[in-house]
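[1] Just to be clear, the model below is a prediction. Sequence and coordinates:
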Amino acid sequence: NAGVTQTPKFRVLKTGQSMTLLCAQDMNHEYMYWYRQDPGMGLRLIHYSVGEGTTAKGEVPDGYNVSRLKKQNFLLGLESAAPSQTSVYFCASSGQTLTGELFFGEGSRLTVL
Amino acid sequence: AQTVTQSQPEMSVQEAETVTLSCTYDTSENNYYLFWYKQPPSRQMILVIRQEAYKQQNATENRFSVNFQKAAKSFSLKISDSQLGDTAMYFCAFMKSYYNNNDMRFGAGTRLTVKP
């Protein structure tokens, strides 16, 4: 069972470089999310999507862009990486069910030098 | 804005014993949902237990149970008969509604170590 898959799992960037994190889910979920996890701060929502072709800002959106061209994929982009974006990034998805449960990927560790 | 506070950054417990993880939250909402998520060392986060605020009965899932005190805005997780596989980060989370689940707020987490 694939569930939510993130690629790549590890990446090292230099300041100013760009990159894209890919999230794919095979559960036909409407909602998808990108979070970042930093020590002592829990998870913070960067951007989210409530359906194909839609995106919205979360709690900490600055420096990131997202796209949801296909229902199963949610891309997170960093146009010009900064050391403050060093973090572990988690993608999650959820369906339109009365559970509220989020299904998470395994995370992507990004280091910006 | 809703905030979630976990005041115990780290805890440890002996195998087979019981441990309680604390969580408090701040909200002006009357109806909402609370969750405990577990993040094992492999990093993929999974749902442990959920509680609807309109339900007075505390949720239980096998060895996991919660103590939900709505007036005190407290939502603690009790793990009974702790097992080595319970070693993980535990996150408390708050959400206003299932139809607005872009607004799930997480606490900073409690790292639990189960010792043999």
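    Sure thing, it's come through.
[2] what sits against the residue nearest the centre of chain A?
    Centroid-nearest residue in chain A: A:Trp34, 2.8 Å away (criterion: C-alpha atoms, centre = their mean). If you count contacts by C-beta atoms under 8 Å, 6 or more residues apart in numbering or on different chains, A:Trp34 has them with A:21, A:23, A:45-48, A:58, A:64, A:66, A:74, A:76, A:89-91. Yep, even glycine has a C-beta here, placed from its N, CA and C like the rest.
[3] in what helix or strand does it lie?
    strand A:31-38 (DSSP states H and E).
[4] Could you tell me which strands sit next to that strand in the sheet, and their orientation?
    In the sheet, strand A:31-38 lines up against strand A:42-49 (antiparallel), strand A:87-94 (antiparallel) (DSSP bridges).
[5] okay, these in a markdown table with mean pLDDT and mean neighbour count next?
    Supplementary listing: the strands paired with strand A:31-38 in a markdown table, determined by pLDDT from 0 to 100; neighbours: other C-beta atoms under 10 Å in any protein chain shown:
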| stretch | mean pLDDT | mean neighbour count |
| --- | --- | --- |
| strand A:42-49 | 92 | 23 |
| strand A:87-94 | 94 | 23 |
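[6] Please identify which of those is closest to B:Ser28.
    strand A:42-49 (20.0 Å; C-beta to C-beta).
[7] What residues sit buried inside stretch A:8-27?
    By 16 or more other C-beta atoms under 10 Å in any protein chain shown, the buried positions in stretch A:8-27 come out as A:Arg11, A:Leu13, A:Met19, A:Leu21, A:Cys23, A:Ala24, A:Gln25.
[8] what residues does chain B put near chain A?
    Applying C-beta under 8 Å from any C-beta of the partner chain, we find that chain B lies next to chain A at B:4, B:6, B:9, B:33, B:35, B:37, B:42-47, B:50, B:91, B:95, B:98, B:101-102, B:104, B:106-109.
[9] I'd like to know which of those are buried.
    The neighbour count (16+ other C-beta under 10 Å) marks B:4, B:6, B:33, B:35, B:37, B:43-45, B:47, B:50, B:91, B:95, B:101-102, B:104, B:106-109 as buried among the residues of chain B next to chain A.
[10] what residue lies at the spatial centre of chain B?
    In chain B, the residue lying closest to the centroid (C-alpha atoms, centre = their mean) is B:Trp36, at 3.1 Å.
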